[in-house]
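Chemist: let me see the structure of the following:
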Amino acid sequence: MHQQGSGQGKYSAYVSRKLMLVHAHPDDETITTGGTMARYVAEGADVVLVTCTLGEEGEVIPPELTGLGSWAADQLGGYRSGELSAALRELGVTRHRYLGGIGGWRDSGMAGTAAAKHPRAFAAGPLHEQAQQLRAIVEEVRPDVLVTYNSFGGYGHPDHIRAHEITMAAADTAKRVFHIAAGGGAVLPPEAPATEITTTIDIRSHLDAKIAALRAHATQVTVDPPEFALSNGVAQPIGEAEYFTLVRGPRAGAETDLFGGLA
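Modeler: Below is the predicted model:
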């Protein structure tokens, strides 16, 4: 059963491997970790995605859909929620939550924009409250592995940075914590802090699923394999691997497997 924001339902205590990923907006999960999610679902792991906002401030690519993002309509978040549902079906992911429930926190946009002052703006919300909301999910799911962005949020977006902050605050019980590094389209810009890649996840067997999931995010992504582009039109490779940095937990066995070496 695909659960979105209801907060209901229990996760089986008998699943041997549990992976939780915390992402800021719909499409982030597919662009940076889609192949990894599909791979571990296929391998029988319990993969749980937490999305922090509906992505209301995304720049819409198809001309016929640009009205969704206008201040008058403000329908983009709901539309992107549907895109996310479709993407997760392609990846095989059935465990999904919105932080604080669907519509609980709003896309903050970039720093200095009007959206950053919205009363529900994620990046401006109370850190303690948001961390407690995530901690409640972590305590229920009890993931072995937790994945989110680095302290720079990958490229500096305030919502990505806040997702990092609350994840690190709620990560006490995870055996391993990873930050998303580069690859799979998540190429870090020059001003980003140096990132050590400790773990390379081969996603070649799951590229078709990732490409299909990218296509599902049609408002945000243009797909022309082996490349894709965001609203800036800059082509990026759909890589055959996704890369991570282990920041907490044992390194032994983690070079090519997020769960490698864990009991």
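Chemist: low-confidence ranges in this protein?
Modeler: 1-15, 70-73, 182-195 (pLDDT under 70).
Chemist: in it, where's the longest strand?
Modeler: For the chain, the longest strand by residue count, based on DSSP state E, is strand 241-248.
Chemist: packing partners of that one?
Modeler: helix 28-42, strand 176-180, strand 199-202 (3 or more CB pairs under 8 Å, 6 or more residues apart in numbering; DSSP states H and E). C-beta coordinates here come from the backbone N, C-alpha and C atoms, glycine included.
Chemist: of these, flag the one that's most buried.
Modeler: helix 28-42 (a mean of 26; mean count of other CB atoms under 10 Å).
Chemist: now that helix against strand 176-180, angle please.
Modeler: Angle of helix 28-42 versus strand 176-180, following axes from the mean of the first three to the mean of the last three CA atoms, to 10 degrees, is 140 degrees.
Chemist: now helix 28-42, how far from the centre of its chain.
Modeler: In terms of CA atoms, centre = their mean, to the nearest Å, the centre of helix 28-42 is found 9 Å from the chain centre.
Chemist: please apply the same query to stretch 219-236.
Modeler: 18 Å.
Chemist: and it, end to end?
Modeler: The straight-line separation of the ends of stretch 219-236 (CA to CA, to the nearest Å) is 17 Å.
Chemist: in it, which residues are buried?
Modeler: For stretch 219-236, a neighbour-count test (16 or more other CB atoms under 10 Å) marks 219-223, 228, 230, 236 as buried.
Chemist: stretch 256-263 too?
Modeler: In stretch 256-263, counting by 16+ other CB under 10 Å, buried: 257-259, 262.
Chemist: what about Arg80, how many residues nearby?
Modeler: For Arg80, the neighbour count with other CB atoms under 10 Å is 28.
Chemist: contacting residues for it?
Modeler: 25-27, 54-56, 58, 217, 219-220 (CB atoms under 8 Å, 6 or more residues apart in numbering).
Chemist: now distance to Thr148 and secondary structure too, for those, in CSV please.
Modeler: Output for those, formatted as CSV (distance: CB to CB, whole Å; DSSP: H, G, I helix; E, B strand; the rest coil):
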residue, distance to Thr148, secondary structure
His25, 13, coil
Pro26, 16, coil
Asp27, 16, coil
Leu54, 18, coil
Gly55, 16, coil
Glu56, 21, coil
Gly58, 19, coil
His217, 19, coil
Thr219, 23, coil
Gln220, 20, coil
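Chemist: how far does stretch 69-89 sit from the chain's center?
Modeler: 15 Å.
Chemist: sorry, back to before: mind putting the helices and strands packed on strand 241-248 in JSON lines, distance to Gly92 included?
Modeler: As requested, the helices and strands packed on strand 241-248 are arranged in JSON lines below (distance: least, CB to CB, whole Å):
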{"stretch": "helix 28-42", "distance to Gly92": "4"}
{"stretch": "strand 176-180", "distance to Gly92": "20"}
{"stretch": "strand 199-202", "distance to Gly92": "16"}
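Chemist: who does the closest residue to Arg97 other than its chain neighbours bridge with?
Modeler: Of all residues not flanking Arg97 in the chain, Val50 sits nearest, at 5.1 Å (CB to CB, 6 or more residues apart in numbering). Val50 has the following beta-bridge partners by DSSP bridges: Val22, Arg97.
Chemist: I figured Val50 hits Leu99, correct?
Modeler: Yes. Counting by CB atoms under 8 Å, Val50 does reach Leu99; the two are 5.8 Å apart.
Chemist: so what sits against both of the two?
Modeler: With CB under 8 Å, 6+ apart as the test, Val50 and Leu99 both reach 134, 137.
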